[in-house]
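K.L.:
below are the sequence and a predicted model for it; my questions follow.
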Amino acid sequence: MLFKRLVLPMFLVCLLAAPAHADVSQTPTSRVKEGVDLLISVLSDPKAEDPAHRDEMVQKLRAEAEKFIDFKLVTMYAVGRPWTTMTPQMQDDLTEAFIQLLERSYLKQIPSYGGQDVNYTGEQVEGNRAKVFTELVDKDKKIIVEFRLRIVQEQWMIYDVVAEGVSLVANYRSQFSQVLNTGTPEDLLKQIRDRIEKLDSGQDDGSQGDGSQVTAEPQQG
Amino acid sequence: MTARIAVCLMVTALLLMGGGAVFASDTDRNGSLSVAQLTDMRGAGAASDAKAAEASGDYDDFDDFDEYSDAEGLVADPFKGWNMVWFHFNDAMYHGVFKPVATGYAWAIPAKPRQWVRNFFTNMLFPVRFVNNVFQGKFDAAYMETSKFIANTSWGLLGFADVTSGMKRNWAPERPTADGFGQTLGKAGFGHGVYLVWPFLGPSSIRESVGWVGDTFLDPLTYADLNFIEYVGIRAYKNVNQLSLELTGNEYETLTDGAIDKYAAVRDAYIRFRAKKVRE
């Protein structure tokens, strides 16, 4: 009797409580695949390379990307521990600025997309985190790309992309931490916005906000 | 030839012994990092992540940040001033000289001949890949490289054509082939020592610089009857030719365009990329 009274509810509790994450209907791999396929279909649109439709494409790409990438999480990891002491307003501002920076630097690479094949080679799930391993196969080389995901609101969301061992988040963490170690979050925000401005004005030379003035010819093409 | 290899080995061994103190202090300073690298090498790189995942749960959890806690102080950089000067010099040279030259060269010469030139230089560096494959115990890759070298040098007209690129069986090894002596040293357990940036050559470290010296002994170009200017000219031409084939979307620009601190971005990417090469 005792057995029934105790064990059955416990069993039910386990069944209901433990796999709280099992609600997630998609596997991490299928989630990444869906995102990548969508991205490729947007990029394959002939409009993607037409400068006249640039703004429209940017908005479309961003809307699609936000369904699969949790940019707030990306920014949080890139900022690191100082994130916890920032005001929500600052967190939002940084996230927005960071999205714009990524948008600009990666959109420039679109013309280099030449219909590479994407192979899904495996996945690793640990609790509410996962890694999805892929290979980008080009004509004569293979690039190993790893996606890192986390469950956010019952869905797997991408928060990092690791290409050939180089993590996007860790790479920005190494840059942001230098600013945050000596400066304030406002300084970081300003530096990101300055960089965006530079990319927008097409002024892409060797100079940086570190005081050293290196001049180089502006590039065309 | 064998005597030369022996000399090269002895020189590198001496250099490494000299650098021993530096490596020792480096491992002391970044003790946790070396442990992480070691576990990674054993294929258990997920261990630290798994720990982080266990402890996670909500956004504000401090343990959430552990996954990237090695991003700061990834490598010792005591010569930052010196490195910074050469980094910005190289960056300005890239944007101001090499890229415009490569763009003009790509405009003048069709892609096919440029690929032949690249194939030729790649084929010529066969001894570097072969010897390091053997050192690293990648005998399958060493065998593959030898087959490729023989086929491309004979039927491929001294390597200008890559006759084996389309063939799957026997030519593509399971593991990527070795890329140099720095990688071999890394596999043997040597750390980077300190981060260094060389003019024209780019990011490096004590270990990778020793690796370059080792690779130079296996590069046929070293034994060609050339004066210094000719040697540098050929090396520069090789690099411009390579750049002309990757003008859009190359790694360097992808990395630095969106960076707020190019120096830190390249340093982080370089160290992580080398770590990945050592693991594979």
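P.N.:
Done, it's in.
K.L.:
what about the helices in the stretch 151-280 of chain B?
P.N.:
B:181-187, B:206-218, B:220-223, B:228-244, B:251-257, B:262-279 (DSSP state H, counting those that start in this stretch).
K.L.:
and the strands in chain B?
P.N.:
B:195-198, B:202-205 (DSSP state E).
K.L.:
make CSV out of those strands and add mean pLDDT and mean neighbour count.
P.N.:
Using the backbone N, CA and C atoms, a C-beta is placed for each residue, glycine as well. As requested, the strands of chain B are exported to CSV (pLDDT from 0 to 100; neighbours: other Cβ atoms under 10 Å in any protein chain shown):
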stretch, mean pLDDT, mean neighbour count
strand B:195-198, 95, 20
strand B:202-205, 94, 21
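K.L.:
right, so of the ones you listed, which gets closest to residue B:180?
P.N.:
Nearest of the strands of chain B to residue B:180, taken as Cβ to Cβ: strand B:202-205 at 11.2 Å.
K.L.:
right, is the closest one up against chain A?
P.N.:
No. Strand B:202-205 stays clear of chain A (Cβ under 8 Å from any Cβ of the partner chain), getting no nearer than 12.6 Å.
K.L.:
that strand - contacts with which helices or strands?
P.N.:
strand B:195-198, helix B:262-279 (3 or more Cβ pairs under 8 Å, 6 or more residues apart in numbering or on different chains; DSSP states H and E).
K.L.:
next, count neighbours for residue B:179.
P.N.:
Using other Cβ atoms under 10 Å in any protein chain shown, residue B:179 has 18 other residues around it.
K.L.:
pretty sure it contacts residue B:132?
P.N.:
Yes. Here residue B:179 reaches residue B:132: they are 7.4 Å apart, a contact under Cβ atoms under 8 Å.
K.L.:
and the helices in chain A?
P.N.:
For chain A, the helices defined by DSSP state H occupy A:2-17, A:28-44, A:54-68, A:71-79, A:88-107, A:168-182, A:185-200.
K.L.:
quick one: buried residues of the fifth one?
P.N.:
With burial defined by 16 or more other Cβ atoms under 10 Å in any protein chain shown, the residues of helix A:88-107 counted as buried are A:90-91, A:93-107.
K.L.:
in stretch B:83-91, which residues are buried?
P.N.:
Neighbour-count burial for stretch B:83-91 [16+ other Cβ under 10 Å]: B:83-84, B:86-91.
K.L.:
for the stretch 151-280 of chain B, which spans come out with low pLDDT?
P.N.:
B:156, B:158-159, B:161-175 (pLDDT under 70).
K.L.:
for chain A, that is, sorry about that
P.N.:
Ranges of chain A meeting pLDDT under 70: A:1-24, A:48-49, A:107-115, A:139-140, A:203-221.
K.L.:
now with 50, please.
P.N.:
Along chain A, the parts satisfying pLDDT under 50 run over A:14-22, A:206-221.
K.L.:
surely residue B:260 meets residue A:189?
P.N.:
No. Assessed by Cβ under 8 Å, residue B:260 is found out of contact with residue A:189, at 10.4 Å.
K.L.:
so for the two, which sits in the more crowded spot?
P.N.:
A count of neighbours by other Cβ under 10 Å puts residue B:260 above the other of residue B:260 and residue A:189, at 24 against 17.
K.L.:
how close does that one get to residue A:125?
P.N.:
33 Å (Cβ to Cβ, to the nearest Å).
K.L.:
and what of residue A:137?
P.N.:
Counting by Cβ to Cβ - residue A:137 and residue A:125 are separated by 25 Å.
K.L.:
what about the two, which has more around it?
P.N.:
Relative neighbour count places residue A:125 above the other of residue A:137 and residue A:125, with 17 against 13, counting by other Cβ under 10 Å.
K.L.:
identify the bridge partners of that one.
P.N.:
According to DSSP bridges, the partner residues bridging residue A:125 are residue A:130.
K.L.:
so what's the residue count around residue A:148?
P.N.:
Residue A:148: 24 neighbours (other Cβ under 10 Å).
K.L.:
surely it and residue A:158 touch.
P.N.:
Yes. Contact criterion Cβ under 8 Å: residue A:148 and residue A:158 qualify, at 7.0 Å.
K.L.:
how close does the residue nearest to residue B:216 when sequence neighbours are not counted sit to residue B:233?
P.N.:
Leaving out its chain neighbours, the residue that sits closest to residue B:216 by Cβ to Cβ, 6 or more residues apart in numbering or on different chains is residue B:222, at 5.3 Å. According to Cβ to Cβ, residue B:222 stands 15 Å off from residue B:233.
K.L.:
my read: residue A:68 touches residue A:33, true?
P.N.:
No. Applying Cβ under 8 Å, one finds residue A:68 not in contact with residue A:33, separated by 10.3 Å.
K.L.:
compare the two (neighbour count), which wins?
P.N.:
residue A:68 (19 against 16).
K.L.:
can you name the residues that contact the closest residue to the more buried one other than its chain neighbours?
P.N.:
Excluding its sequence neighbours, the residue lying closest to residue A:68 (Cβ to Cβ, 6+ apart) is residue A:35, at 3.5 Å. Each residue near residue A:35 by Cβ atoms under 8 Å, 6 or more residues apart in numbering or on different chains is listed here: A:64-65, A:67-69, A:158.
K.L.:
how about the residue of the stretch 101-250 of chain B found nearest chain A, phi and psi?
P.N.:
Nearest residue of the stretch 101-250 of chain B to chain A: residue B:249, at 2.8 Å (Cβ to the nearest Cβ). When read as degrees, to the nearest 10, the backbone of residue B:249 gives phi 60, psi 30.
K.L.:
ok, it to residue A:28 distance?
P.N.:
27 Å.
K.L.:
neighbour-wise, which of those two wins?
P.N.:
residue A:28 (23 against 15).
K.L.:
you'd agree that one is up against residue A:158?
P.N.:
No. With contact defined as Cβ under 8 Å, residue A:28 does not count as touching residue A:158 (9.1 Å).
K.L.:
returning to what we had before: so which of the helices and strands packed on strand B:202-205 comes closest to residue B:76?
P.N.:
Taking the helices and strands packed on strand B:202-205 one by one with Cβ to Cβ, strand B:195-198 is closest: 6.8 Å.
K.L.:
in its sheet, which strands sit next to that closest one, and in what direction?
P.N.:
Going by DSSP bridges, the partners of strand B:195-198 are strand B:202-205 (antiparallel).
K.L.:
picking up where we left off before, mind putting the helices of chain A in CSV, distance to residue B:253 included?
P.N.:
As requested, these are arranged in CSV below (distance: least, Cβ to Cβ, whole Å):
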stretch, distance to residue B:253
helix A:2-17, 49
helix A:28-44, 18
helix A:54-68, 19
helix A:71-79, 20
helix A:88-107, 9
helix A:168-182, 14
helix A:185-200, 12
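K.L.:
so for residue B:73, which of those helices sits nearest?
P.N.:
The nearest among these, by Cβ to Cβ, is helix A:168-182 at 9.2 Å.
K.L.:
alpha carbons only: can I get the closest one in PDB?
P.N.:
C-alpha atoms of helix A:168-182 as PDB (Å, rounded to 0.1, in the frame of the first residue of the first chain):
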ATOM      1  CA  LEU A 168      33.000  33.800 -32.200                       C
ATOM      2  CA  VAL A 169      32.000  34.500 -28.600                       C
ATOM      3  CA  ALA A 170      35.500  33.800 -27.200                       C
ATOM      4  CA  ASN A 171      37.000  36.000 -29.900                       C
ATOM      5  CA  TYR A 172      34.800  38.900 -28.900                       C
ATOM      6  CA  ARG A 173      35.300  38.100 -25.200                       C
ATOM      7  CA  SER A 174      39.100  38.600 -25.700                       C
ATOM      8  CA  GLN A 175      38.400  42.000 -27.200                       C
ATOM      9  CA  PHE A 176      35.600  43.200 -24.900                       C
ATOM     10  CA  SER A 177      37.500  42.200 -21.700                       C
ATOM     11  CA  GLN A 178      40.300  44.500 -22.600                       C
ATOM     12  CA  VAL A 179      37.900  47.400 -22.900                       C
ATOM     13  CA  LEU A 180      36.000  46.500 -19.800                       C
ATOM     14  CA  ASN A 181      39.000  45.900 -17.600                       C
ATOM     15  CA  THR A 182      40.100  49.500 -17.900                       C
END
